[in-house]
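Visitor: following is a predicted model, sequence given first.
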Amino acid sequence: MSRRLTLVCLSLVLAAAPAAAQLADLYVRGFVSQGYLNSSHNNYLVPNSRDGSSEFHEAAVSLQAHPEERLRVGLQFLARDFGDVGNNDVLIDWAYADYQWQDYMGVRLGKFKTTQGLYGQGRDVDMLRPTVLLPQAVYNEDHRDFILGVEGLGFYGNVPLGEGGGLDYEIYGGTLNVPDPDAGFWYNILAQAGEEAARLSPLDSPTARIRFDGVAENDVHFDWLYGGSLRWNTPLEGLTLGVSGITGRFDMHSRLVYSVEDPAANPSYYAINNLVDFQGDLGRSVVFSAEWSRDDVTLAAELAQEEVNGLVGEGYYLQASAHASERTTVTAYYSRYVRDKSDPSGHNFERYGYPDYVAWQNDVCAAVRHDATEHLVLKGEYHVVDGLGLLSPALNDLGDPDAYKRWWSFMAFKATVHF
Amino acid sequence: MRRRHLLLLLLLLACAGAASAQEAVVVAHPGVDAADVDEPTLRRIFLGKKTRWGDGTPVVPVMLEDGPVHEWFVEERVGRSVAKFVTFWKQAVFTGRGMPPRTFATEDELLFYVSRTPGAIGYASRVSPSDGVKVLDVRR
């Protein structure tokens, strides 16, 4: 987010209260989470998860104030570490002004979270959900940057429908600078392109060898992003239905580094910098949602489709949560993800020498959440997985059949302190 | 244990369960432009979706911090479990979309605030004329 807009929002927040009671009129909240992931056979989500990894951490502080009756301003600092992504760099998670003219029409200006699915808004806030990880079939960590937020303008509101319940809507448009383009999804697609380019590059000398050495620089931003959501709070008590979607175009400006070794040449070694400009399309990311909640039981189901550069992936899950006691919630879900909706059985992957189960990932999860105190949440979960559909090629050599297994499992634990 | 004693014990346990949920009456500042309120509107108020009364006065919802009266109100009038209600407002806070209603430790503190704050609405287990608030009937 631009420094100027950040400073404006911070100034508005701090100026919202009279000087004598400045801190008292600020609404300040925060949390710290620490997790642990351990997988069998395959590295998942973070490097070295096979050996166990605690590179799984979030911390945030949020500030809000009401400078005027209909105006609210706020910002949130967030630091997260998830494997190679984040590395605890403190970023502005959101910072915006919100003017609610009427219940059916409000305006947001700045950097704000977008609504994607039931739980996308709060995906970085551990205590908002019963499980450690959101179902990855719908909330793919690799594609987090596509659906996390926008820097721009949004409209929202609530429209009561009388006997028909009520509607919550949101529409927005803007741009976004990807906060961590040197890791995760963005690094992975460049690394794959770099490896392939090195493999296919023609060389003049039969003794020369070219090697891809990595991504030296990477800048990614969305030229434009727009989307919206509609949530129907139905007249059937506890039932909510929703749809949300986003589309956009991103630009990548990158420098890939190669080295060439040729014992017969002088010099025998030299480096090549390849500047790459690439435009990609987030054709669409759509989520259909249903949630039913009554007393201490919640059932949820979501279906998501995401098209990136013409490739349509699809995922869904079915989840049930219930309070086993006043402080303990148990959850179970089944999810399925396919990388390419047109090839759910993986025939295309087989043609390129990969096993068919690279095409899908089916996941059964059992989770427990315990609210030990009003401010401390403890969670643990266990997954049994069939397939490698969500595995990153940067963490697993999918060209080596001894490097992965079709059936595997993983567990995750997390503790969160919040105030 | 004799069957009669067992039945009596079960009856007592059932009554004990019922007694832990304490009904609440909805109260508002005397100047609030309403004599009653329906449940869908109450729900919208305490979920931050209705922000103005009919005359344009800002709605100021207030709540108790905890207790059987609070639990009853959240479950029966707002239509959510206490845990889901807390989660709803935590999400609003950590996405910047709002701040939860102000809370009070005792009913006396809540009633005092409501009586002196235009647009305020809350709830209590019992109200007397000296509290200086109006009671709103709740329509389904």
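Guide: Happy to help now that I have it.

Visitor: please give the element, helix or strand, for A:Gln34.
Guide: strand A:27-39 (DSSP states H and E).

Visitor: spatially nearest residue to the residue of chain B found nearest chain A (excluding sequence neighbours)?
Guide: Chain B approaches chain A most closely through B:Lys49 (4.0 Å), counting by CB to the nearest CB. For glycine as for every other residue, the C-beta is placed from the backbone atoms N, C-alpha and C. Of all residues not flanking B:Lys49 in the chain, A:Asn158 sits nearest, at 4.0 Å (CB to CB, 6 or more residues apart in numbering or on different chains).

Visitor: who are the neighbours in contact with the residue of the stretch 101-250 of chain A found nearest chain B?
Guide: Relative to chain B, the nearest point of the stretch 101-250 of chain A is A:Asn158 (4.0 Å; CB to the nearest CB). A:Asn158 sits next to A:Asp103, A:Tyr104, A:Gly166, A:Leu167, A:Asp168, B:Arg44, B:Lys49, B:Lys50 when contact means CB atoms under 8 Å, 6 or more residues apart in numbering or on different chains.

Visitor: alpha carbons only: can I get stretch B:115-130 in PDB?
Guide: What follows is stretch B:115-130, C-alpha atoms only, in PDB (Å, rounded to 0.1, in the frame of the first residue of the first chain):
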ATOM      1  CA  SER B 115     -31.300   6.200  30.300                       C
ATOM      2  CA  ARG B 116     -28.700   8.900  29.400                       C
ATOM      3  CA  THR B 117     -27.700   8.100  25.900                       C
ATOM      4  CA  PRO B 118     -30.000   9.100  23.000                       C
ATOM      5  CA  GLY B 119     -30.600   6.200  20.700                       C
ATOM      6  CA  ALA B 120     -29.300   3.500  23.100                       C
ATOM      7  CA  ILE B 121     -30.900   0.100  23.300                       C
ATOM      8  CA  GLY B 122     -30.100  -2.800  25.600                       C
ATOM      9  CA  TYR B 123     -31.700  -5.400  27.800                       C
ATOM     10  CA  ALA B 124     -32.100  -6.400  31.400                       C
ATOM     11  CA  SER B 125     -33.800  -9.000  33.500                       C
ATOM     12  CA  ARG B 126     -36.100  -6.500  35.200                       C
ATOM     13  CA  VAL B 127     -36.800  -2.800  35.000                       C
ATOM     14  CA  SER B 128     -38.400  -0.300  37.300                       C
ATOM     15  CA  PRO B 129     -39.800   3.200  36.500                       C
ATOM     16  CA  SER B 130     -36.900   4.800  38.400                       C
END
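
Visitor: and A:Glu196, what pLDDT?
Guide: Looking at A:Glu196, its pLDDT reads 69.

Visitor: now do A:Ser201
Guide: At A:Ser201, pLDDT is 68.

Visitor: kindly report the same for B:Leu8.
Guide: Looking at B:Leu8, its pLDDT stands at 47.

Visitor: kindly report the same for the one 10 residues further on.
Guide: The predicted structure scores B:Ala18 at 42 on the pLDDT scale.

Visitor: what sits closest to the residue positioned nearest the centre of chain A if chain neighbours are left out?
Guide: Nearest to the mean C-alpha position of chain A, by CA atoms, centre = their mean, lies A:Arg144 at 2.3 Å. Using CB to CB, 6+ apart and skipping residues adjacent in sequence, the residue nearest A:Arg144 is A:Arg123, 7.2 Å away.

Visitor: how about that neighbour, secondary structure?
Guide: At A:Arg123 the chain is in coil, as set by DSSP: H, G, I helix; E, B strand; the rest coil.

Visitor: quick one: contacts for the closest residue to A:Asn177 other than its chain neighbours?
Guide: Among residues not flanking A:Asn177 along the chain, A:His221 sits closest, at 4.6 Å (CB to CB, 6+ apart). For A:His221, the contact set (CB under 8 Å, 6+ apart) comprises A:Thr175, A:Leu176, A:Asn177, A:Val178, A:Phe250, A:Asp251.

Visitor: only whichever of those residues are buried, select them in ChimeraX.
Guide: Buried subset of those, written as a ChimeraX selection, criterion 16 or more other CB atoms under 10 Å in any protein chain shown:
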select /A:175,176,178,250
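
Visitor: can you show me the helices along chain B?
Guide: Here chain B has its helices, by DSSP state H, at B:3-20, B:39-46, B:68-72, B:82-94, B:107-116.

Visitor: returning to what we had before: chain center to the strand holding A:Gln34: distance?
Guide: 15 Å (CA atoms, centre = their mean, to the nearest Å).

Visitor: now do the buried residues in it.
Guide: Neighbour-count burial for strand A:27-39 flags A:Tyr27, A:Arg29, A:Gly30, A:Phe31, A:Val32, A:Ser33, A:Gln34, A:Gly35, A:Tyr36, A:Leu37, A:Asn38, A:Ser39 (criterion: 16+ other CB under 10 Å).

Visitor: for chain B, see how far away the fifth one is.
Guide: It refers to A:Val32. Look at A:Val32 and chain B: by CB to the nearest CB, to the nearest Å, they are 13 Å apart.

Visitor: please name the bridge partners of that residue.
Guide: A:Ala59, A:Val417 (DSSP bridges).

Visitor: still on that earlier bit, only whichever of the contacts of A:Asn158 are buried, select them in ChimeraX.
Guide: Buried subset of those, written as a ChimeraX selection, criterion 16+ other CB under 10 Å:
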select /A:103,166,167,168 /B:44,49,50
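
Visitor: around chain A, pick out the residues from chain B.
Guide: With CB under 8 Å from any CB of the partner chain as the criterion, chain B meets chain A at residues B:40-41, B:44, B:49-52, B:58, B:75, B:79-81, B:83-84, B:87, B:90-91, B:93-99.

Visitor: how does it look with 7 Å?
Guide: Listed as neighbours of chain A in chain B under the rule CB under 7 Å from any CB of the partner chain: B:40, B:44, B:49-52, B:58, B:79, B:81, B:84, B:87, B:90-91, B:93-96, B:99.

Visitor: follow-up on the earlier one: which of the contacts of A:Asn158 sits closest to A:Gly110?
Guide: Among the contacts of A:Asn158, A:Asp168 lies closest to A:Gly110 (CB to CB), at 20.2 Å.

Visitor: please, which helix or strand holds that closest one?
Guide: Using DSSP H and E, A:Asp168 sits in strand A:166-177.

Visitor: and the contacts of A:Asn158, which two are furthest apart?
Guide: A:Leu167 and B:Lys50 (13.6 Å).

Visitor: picking that back up, what residues sit buried inside whichever helix or strand the residue of the stretch 101-250 of chain A closest to chain B is part of?
Guide: Per DSSP H and E: A:Asn158 is located in strand A:149-160. Buried residues in strand A:149-160, counting neighbours by 16+ other CB under 10 Å, are found at A:Gly149, A:Val150, A:Glu151, A:Gly152, A:Leu153, A:Gly154, A:Tyr156, A:Gly157, A:Asn158, A:Pro160.

Visitor: go on, stretch B:66-76?
Guide: Residues B:Val69, B:His70, B:Glu71, B:Trp72, B:Phe73, B:Val74, B:Glu75 are the ones in stretch B:66-76 that count as buried (16+ other CB under 10 Å).

Visitor: perfect, I'm done here.
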